[in-house]
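quick check, what structure comes out for this input:
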Amino acid sequence: MNVEGSLQVVIAMTLYILAVIVIGVYYAKRANESSHNFLIGGRSLGPWVTAMAAEASDMSGWLLMGLPGVAYWCGLSDAAWTAIGLAIGTYLNWLLVAKRLRVYSHVAGDAITIPDFLSNRFKEEKKVILTIAALFILIFFSVYAASCFVTVGKLFSTLFNASYVNMMIAGAVFVVLYTFVGGFLAESASDFMQALVMVFALSLVVVFGVIHAGGLGAVIANAKSIPGFFEFFGIAQPQVVDGVQQLGANGQPLFGD
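The predicted structure is shown next:
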């Protein structure tokens, strides 16, 4: 990356980080008024913020970096079935679970967390369900959060030619700090902003990628030259140079030079 490109990246990332900080500071006072405000935003989030923040948090780095990488390397099958499953699962989640959970969490002792809700819902005294649910969340969400920090480390170490470990730690510290300052409200607002950035960035990448490759026809022609790339029930067989580069027609990269 040249100096001008590096400067543009630094400016963009700085503006994004500043926006997140402003959001955290803005919601800090309101978030710390009560545990309900801090942990669940006082149950005051609207449908757009709730939906887009939830999906941005859920999809995060693997949607921007992982899934496109899988599609590029293994063809559309894996990525397409993943997208179909996510679309169906997400729709059913919002349709069948979300509203009921919202209503009954209030009825079940005004529960703040999922373990609280399950414990109150079944009126347990020994808190066995609460403990098991909390352990599930702690273990599996720790792994998921770690994967997000790995994405941060890889992204920033690549962009700025810095230490991967240091960038990962810096990202983790930053996220923890602004979450503690602004609570769930700040987290949701920043995730909503992140969702808008993700939609814009993914759309922009598609448009500029197609233009740079010489048009949609060139992209499709190159992709067709990879055996199995468009199969829905198989995996592509990429050609590899130096163990890293997938090639298309006449030895050219899949999406152009």
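
could you pull out the strands for this protein?
Counting by DSSP state E, the segments of the chain that form strands are 239-241, 245-247.

now do the last one, average pLDDT.
It stands for strand 245-247. Taken as a whole, strand 245-247 has a mean pLDDT of 48.

for the first one, same thing?
If you average the pLDDT over strand 239-241, you get 54.

how far is the top helix by length along the chain from where the chain is centred?
If you go by DSSP state H, the chain has its longest helix at helix 164-213. On the basis of Cα atoms, centre = their mean, to the nearest Å, helix 164-213 is displaced by 8 Å from the centre of the chain it belongs to.

tally up the residues packed near residue 176, please.
Residue 176 has 11 neighbouring residues, counting by other Cβ atoms under 10 Å. The way it works is simple: take the backbone N, C-alpha and C, and place the C-beta from them, glycine included.

and what of residue 66?
Neighbourhood size, residue 66 [other Cβ under 10 Å]: 16.

pLDDT weak spots in the stretch 151-257 of the chain?
Scanning the stretch 151-257 of the chain for pLDDT under 70 picks out 237-257.

circling back to that earlier point, can you name every helix or strand that the longest helix of the chain contacts?
If contacts are counted by 3 or more Cβ pairs under 8 Å, 6 or more residues apart in numbering; DSSP states H and E, helix 164-213 sits against helix 3-31, helix 35-40, helix 47-61, helix 128-160, helix 216-224.

closest one to residue 184 among the ones you listed?
helix 35-40 (5.7 Å; Cβ to Cβ).

quick one: buried residues of that closest one?
Neighbour counts over helix 35-40 (16 or more other Cβ atoms under 10 Å) mark 37-38, 40 as buried.

then stretch 103-114?
Those would be 105, 108, 111-112, for stretch 103-114 by 16+ other Cβ under 10 Å.

how many residues are close by residue 15?
10.

residues contacting stretch 108-124, please?
For stretch 108-124, the surrounding residues in contact (Cβ atoms under 8 Å, 6 or more residues apart in numbering) are 35-36, 39-40, 101, 104-105, 127, 129-131, 133-134, 137.

relative to the whole chain's centre, how far out is that stretch?
On the basis of Cα atoms, centre = their mean, stretch 108-124 is displaced by 28 Å from the centre of the chain it belongs to.

isn't residue 53 right up against residue 191?
Yes - Residue 53 is within contact range of residue 191, at 3.7 Å (criterion: Cβ atoms under 8 Å).

so, low pLDDT: which residues of the stretch 1-150 of the chain?
Checking the stretch 1-150 of the chain against pLDDT under 70 turns up 1-5.

thinking again about what came up before, mind putting the helices and strands packed on helix 164-213 into a markdown table with distance to residue 181?
Below are the helices and strands packed on helix 164-213 laid out as a markdown table (distance: least, Cβ to Cβ, whole Å):
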| stretch | distance to residue 181 |
| --- | --- |
| helix 3-31 | 5 |
| helix 35-40 | 10 |
| helix 47-61 | 17 |
| helix 128-160 | 18 |
| helix 216-224 | 44 |
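
quick one on the thing from earlier: and which of the buried residues of helix 35-40 is nearest to residue 182?
Closest approach between the buried residues of helix 35-40 and residue 182, by Cβ to Cβ: residue 38, at 8.8 Å.
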